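1. Below is the structure, and that's it, no one-letter string:
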């Protein structure tokens, strides 16, 4: 998602991070909670995923004030089996809960080879590719799954009963790590809101209205539901992720998932991270080299008409991030001003 | 896939299994190898997945005779970390190697909570939902991934460089287990062959020709490549599974994957199974009950116009299996006769 240039303001990643840390600290978050939350939001804006960036700060602040999110918490980390870390996040800030859990899990990863980190009672963790990229840069493989509210209809159904339940995968490589991040819906709810905001129609196939008919009208789509990506495939993956990342860690599923984005409900979703140590596998010694070669083979293969070149998931976001680290992040003025106002209110 | 009734013969699952066991035993396979291979093929036919059923037996027989598949083998099972079982299948029959590895892995699953079984040097494992359903019936969660030869073009590319790399997920439930099985390509290569065989066109969007243009001609599609499901999503998942199930266990990826279906090459693909013990997770005690309720909520939700009712992945295959256990499996006469001929040749 990009914003029209006219209403934009350009900020540095450092300034964005500092503003978020300032606001969260004033709201009572400790340094570690504030720093990780600020980093997740800023890294999303750096990659152009603005729906997961600074624009979430006012909702976060409102949730903290209403004590729907608790700050300065001590989550419970319990090894419920040799290779399973079960986490009660105590309604804490999601990125802090997740990163702290993975710091602990990593200490056992050499011995175990694979570890599941299963989290409940924790707020929205933001762009899940963030965690996968971090783990990949540390030399580990990471599969991350989380849940949204029920926004997607079953394949063949008409009622929103499945989350957009995304999955991300991070893999270390001799060149930049491979980071792939997808929702199991055709499109993201943020894109429907963006079309509505711009007064534009949405493409046919993204959503159905409340009566179950395909629609190009964003208002009707928001009253209806999103389509699952590739029909039965996105539907089946969405259910699977709801069970693996939601029910298994002790969270909710489907219409019982609440509080990821609103300012009314405790957050009831769950998260699941699978961490794998390549050194524990037969293919480990050559993995990063083989991954880099394969990705380059893909990049150098012939493109379709109308495509400049073949890309690998994560390439475009990484390139945008590098540009924005140099020349700043363009943000809608209203997003920046809303964040600045929070600072003044406190 | 179904076959025209005129050329069909109806056989019982027991007869199919017995024929396969007879042929494999004559070819030197031991009892356990034969029984598991026969069960995987027969269960595919019971579910209507004929491309993964008895029609594979002649290829299997030819591969065994050419010693591309080794029979009566002792695979190497090595715990390369507490929770990682690394398997060198010694070019053995894939279903035997996989099931034997998981039997061993299960003995440690109560203690570990999650185990990765990573397999190399093993032949085609057939319908991967088979393993997930078995584990789910035993009370475990299972994520299975495997590779095919490079048949799919990159999103935006024109050359077949990615496998159809499927993923399956099995989850225990108080009613029938949840079993979801998908390829990361829009369609399976078997469906293209079936259209060619029937002299029919394929739907636009399934494949491109060798020049990179969308095609409805199955011959052009077979010279070209399959499209990734949902474009960048199937593409990213396909790469991820190639790395996780191929490179990580010590197998190959992309164009270096050979020998899953032909009679010329050793099989170089890999497989990855992740087994999870629900008892090791906070949501474990209520999991099977919650899964059954959620799946029923989906089934009882309002269907779209033209759909009789909403189904859950696996429902249709399970219903077909029950019917066929009662009234037999319709198979093309040529498939049954080819298998019978093998029996006579030996």
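-> Great, that's in hand. If you're wondering where the values come from, they're calculated on a predicted model, not measured in any experiment.
2. and residue A:213, how many neighbours?
-> Neighbourhood size, residue A:213 [other Cβ atoms under 10 Å in any protein chain shown]: 12. From N, CA and C alone the C-beta is placed, and that goes for glycine too.
3. where's it relative to residue A:329, distance?
-> 39 Å (Cβ to Cβ, to the nearest Å).
4. Residue A:121 now?
-> According to Cβ to Cβ, residue A:121 and residue A:329 sit 32 Å apart.
5. And for residue A:125?
-> 21 Å.
6. now the helices for the stretch 201-346 of chain A?
-> With helices called from DSSP state H, counting those that start in this stretch, the stretch 201-346 of chain A shows them at A:218-223, A:232-241, A:287-299, A:315-327, A:333-345.
7. With mean pLDDT and distance to chain B added, can I get those helices in a markdown table?
-> Formatted as a markdown table, these follow (pLDDT from 0 to 100; distance: least, Cβ to the nearest Cβ, whole Å):
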| stretch | mean pLDDT | distance to chain B |
| --- | --- | --- |
| helix A:218-223 | 96 | 15 |
| helix A:232-241 | 98 | 4 |
| helix A:287-299 | 98 | 5 |
| helix A:315-327 | 97 | 10 |
| helix A:333-345 | 92 | 27 |
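8. so which of the ones you listed is the most packed in?
-> helix A:232-241 (a mean of 26; mean count of other Cβ atoms under 10 Å in any protein chain shown).
9. Compute the inter-axis angle for that one and helix B:232-241.
-> Between helix A:232-241 and helix B:232-241, the angle formed by their directions is 60 degrees, by axes from the mean of the first three to the mean of the last three Cα atoms, to 10 degrees.
10. hmm, who's touching helix A:232-241?
-> A:145-147, A:152, A:154-155, A:162-167, A:184-186, A:227-229, B:169, B:171, B:178, B:180, B:182, B:229-230, B:233-234, B:294-295, B:298, B:312-313 (Cβ atoms under 8 Å, 6 or more residues apart in numbering or on different chains).
11. and the gap between the spatially most central residue of chain A and residue B:340?
-> Central residue of chain A (Cα atoms, centre = their mean): residue A:127, 2.2 Å from the mean position. According to Cβ to Cβ, residue A:127 and residue B:340 sit 57 Å apart.
12. What of residue A:62?
-> With Cβ to Cβ as the criterion, residue A:62 and residue B:340 are 72 Å apart.
13. Also residue A:89?
-> Residue A:89 is 61 Å from residue B:340, by Cβ to Cβ.
14. So what does the residue nearest to the centre of chain A look like in phi/psi?
-> Main-chain dihedrals, residue A:127, degrees, to the nearest 10: phi -60, psi 110.
15. quick one, what contacts it?
-> Counting by Cβ under 8 Å, 6+ apart, residue A:127 touches A:40, A:43-44, A:47, A:49, A:52, A:181.
16. out of those, who's nearest residue B:255?
-> Relative to residue B:255, the closest of the contacts of residue A:127 is residue A:181; by Cβ to Cβ it sits at 26.0 Å.
17. And the residue nearest to that closest one when sequence neighbours are not counted, how far from residue A:159?
-> Closest residue to residue A:181 apart from its sequence neighbours, by Cβ to Cβ, 6 or more residues apart in numbering or on different chains: residue A:129 at 3.6 Å. Note on residue A:129: its distance to residue A:159, by Cβ to Cβ, is 30 Å.
18. neighbour-wise, which of these two wins?
-> Comparing residue A:129 with residue A:159 by other Cβ under 10 Å, the one with more neighbours is residue A:129, at 27 against 21.
19. In terms of secondary structure, what does the worst-scoring helix or strand of chain A on mean pLDDT contact?
-> When each helix and strand of chain A is scored by mean pLDDT, DSSP states H and E, helix A:189-198 comes last, with a mean of 89. Applying 3 or more Cβ pairs under 8 Å, 6 or more residues apart in numbering or on different chains; DSSP states H and E, we find helix A:189-198 packed against helix A:218-223.
20. give me phi/psi at the residue sitting furthest away from the middle of chain A?
-> Distance to the chain centre peaks in chain A at residue A:305, reaching 31.9 Å (criterion: Cα atoms, centre = their mean). Main-chain dihedrals, residue A:305, degrees, to the nearest 10: phi -50, psi 130.
21. Contacts for the least confident helix or strand of chain A, please.
-> Contacts of helix A:189-198 (Cβ under 8 Å, 6+ apart): A:1, A:51, A:148, A:151, A:164, A:201-202, A:206-207, A:218-219, A:221-222, A:226.
22. May I see the buried residues of it?
-> A:189-192, A:194-196 (16 or more other Cβ atoms under 10 Å in any protein chain shown).
23. for the stretch 1-150 of chain A, what spans make up the helices?
-> Using DSSP H, counting those that start in this stretch, helices in the stretch 1-150 of chain A cover A:13-26, A:31-46, A:57-65, A:94-106, A:109-112, A:129-137.
24. Could you save those helices as a markdown table and add columns showing mean pLDDT?
-> Shown next, in a markdown table, are these (pLDDT from 0 to 100):
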| stretch | mean pLDDT |
| --- | --- |
| helix A:13-26 | 98 |
| helix A:31-46 | 98 |
| helix A:57-65 | 97 |
| helix A:94-106 | 98 |
| helix A:109-112 | 98 |
| helix A:129-137 | 98 |
